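Student: Okay, sequence plus prediction incoming.
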Amino acid sequence: MLNVTKAVFPVAGLGTRFLPATKASPKEMLPIVDKPLIQYAVEEAIAAGITEMIFVTGRSKRAIEDHFDKSYEIEAELEARGKEKLLSLVRSIKPSHVDCFYVRQAEALGLGHAVLCAEKLVGDSPFAVVLADDLLDGRPPVLRQMIDVFDHYHTSVLGVEEIAPDESKSYGVIDGKQWEEDIFKLSGIVEKPAPADAPSRFGVVGRYVLKPRIFKHLRALRPGSGGELQLTDAIQSLLADEQVLAYRYSGTRFDCGSKLGYLKATVEFALRHPEVSSDFSEYLASRMPELQI
Ligand code: G1P
């Protein structure tokens with residue numbers, strides 16, 4: 001059986017939905033309470049058994065490399081000051097059994113192009129694609145759920161959720177038939193259709209488990225929605241060669257590429273953070289009367 005041990009994290013996008021085009025700091029480095037989004041994504045991948053993290057970065061996105069690099073100075077300083085708790089936290093950012101690889105996407109030509117940039121590092125194995133600005137909170141972690149589906153059916157698996165009809169313009173929307181509870185057999189997929197053209201109510205979230213044959217289709221891509229090379233279009237073309245499944249994951253998604261989603265994630269994760277939850281809930285409660293007016 002082929003194990004999924006590699007994950008590709010495209011982090012070169014501009015993040016213009018949330019912040020005005022920030023070149024210097026990728027949006028994946030924005031923290032939710034005390035950890036950057038990319039750290040949540042990597043922890044989800046580790047929990048799914050992935051050990052090789054492949055980051056597709058871009059110009060001026062080096063903060064990701066720095067974050068996962070060993071920080072001798074900080075560790076020595078914390079050790080000298082006897083700050084054991086902080087020290088183990090810093091050391092847990094990248095556990096020793098995990099390896100990080102970086103490849104640069106010279107031009108932001110779209111998600112399909114970003115994944116194609118990782119081809120040489122992925123090689124001929126199944127792999128995950130994780131969009132860290134979709135923060136998924138699931139038990140077991142969503143990527144684990146999806147790899148379980150992959151291990152069972154040995155076909156590519158897309159994470160999906162039910163979306164409101166007027167949201168179709170923000171998602172890849174699948175066409176297909178329900179096969180089992182929460183599993184759909186794909187017959188097509190469209191990137192960001194107008195509501196009237198959406199083939200179903202199920203939109204793809206930022207989690208994919210793909211078989212390496214996708215690279216053949218990524219190489220042949222022509223610009224699609226928004227003039228970009230779309231992963232969605234390569235998946236549509238992959239369907240001519242092999243079966244693809246969509247899996248309705250169990251969990252909650254926070255769209256941290258949008259201001260509202262980012263704020264919701266911050267509130268939820270703060271409410272369960274051992275250090276701040278009690279003071280923070282008190283603060284929120286104190287704001288309630290005013291908000292209900
Ligand atoms: C990308 C994909 C889209 C998918 C979405 C999930 O779009 O192109 O198919 O539904 O991620 O977050 P983006 O949000 O980068 O525009």
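Tutor: Everything's here; your move.
Student: Can you name the residues of the stretch 151-293 of the chain that neighbour the ligand?
Tutor: 171-172, 191, 203-206, 230-232, 257 (CB under 6 Å from any ligand atom). Where C-beta positions appear, they are placed from N, C-alpha and C, glycine not excepted.
Student: Can you tell me which of those residues end up in strands?
Tutor: Among these, the ones falling in strands (DSSP state E) are 172, 191, 203-206.
Student: out of those residues, which one sits closest to the ligand?
Tutor: Checking those against the ligand with CB to the nearest ligand atom, the nearest one is Gly172 at 2.7 Å.
Student: so that closest one sits right up against Asp233, yeah?
Tutor: No: contact criterion CB atoms under 8 Å: Gly172 and Asp233 do not qualify, at 9.2 Å.
Student: Identify the contacts common to those two.
Tutor: The contact sets of Gly172 and Asp233 overlap at Glu191 (CB atoms under 8 Å, 6 or more residues apart in numbering).
Student: just how off-centre is stretch 67-81 within its chain?
Tutor: 28 Å (CA atoms, centre = their mean, to the nearest Å).
Student: Show me the contact partners of it.
Tutor: With CB under 8 Å, 6+ apart as the contact definition, stretch 67-81 has outside contacts at 29, 36, 38-39, 42, 53, 86-87, 90-91, 93-94, 100.
Student: redo that, cut-off 10 Å
Tutor: Contacts with stretch 67-81, where a contact means CB atoms under 10 Å, 6 or more residues apart in numbering, come from 28-29, 36, 38-39, 42, 53, 55, 62, 83-91, 93-94, 96, 98-100, 102.
Student: Would you mind writing the ChimeraX command to select the buried ones in those residues?
Tutor: Selecting only the buried entries of the contacts of stretch 67-81 in ChimeraX, with 16 or more other CB atoms under 10 Å as the criterion:
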select :28,29,36,38,39,42,53,55,62,87,90,93,94,100,102
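Student: Just the ones of the contacts of stretch 67-81 in helices?
Tutor: Taking DSSP state H as the definition of helices, the contacts of stretch 67-81 contribute 38-39, 42, 84-91.
Student: Which of those sits closest to the ligand?
Tutor: Closest approach to the ligand among the ones in helices among the contacts of stretch 67-81 (CB to the nearest ligand atom): Ile38, at 15.0 Å.
Student: what about the nearest residue to that closest one once chain neighbours are set aside, distance to Lys35?
Tutor: Excluding the flanking residues, the one nearest Ile38 by CB to CB, 6 or more residues apart in numbering is Glu28, at 4.1 Å. Distance, Glu28 to Lys35, using CB to CB, to the nearest Å: 11 Å.
Student: Tell me where the stretch 1-150 of the chain is predicted with low confidence.
Tutor: Along the stretch 1-150 of the chain, segments meeting pLDDT under 70 span 1, 14-24.
Student: need the residues of it near the ligand, please.
Tutor: Residues of the stretch 1-150 of the chain found near the ligand (CB under 6 Å from any ligand atom) are 111, 131, 134.
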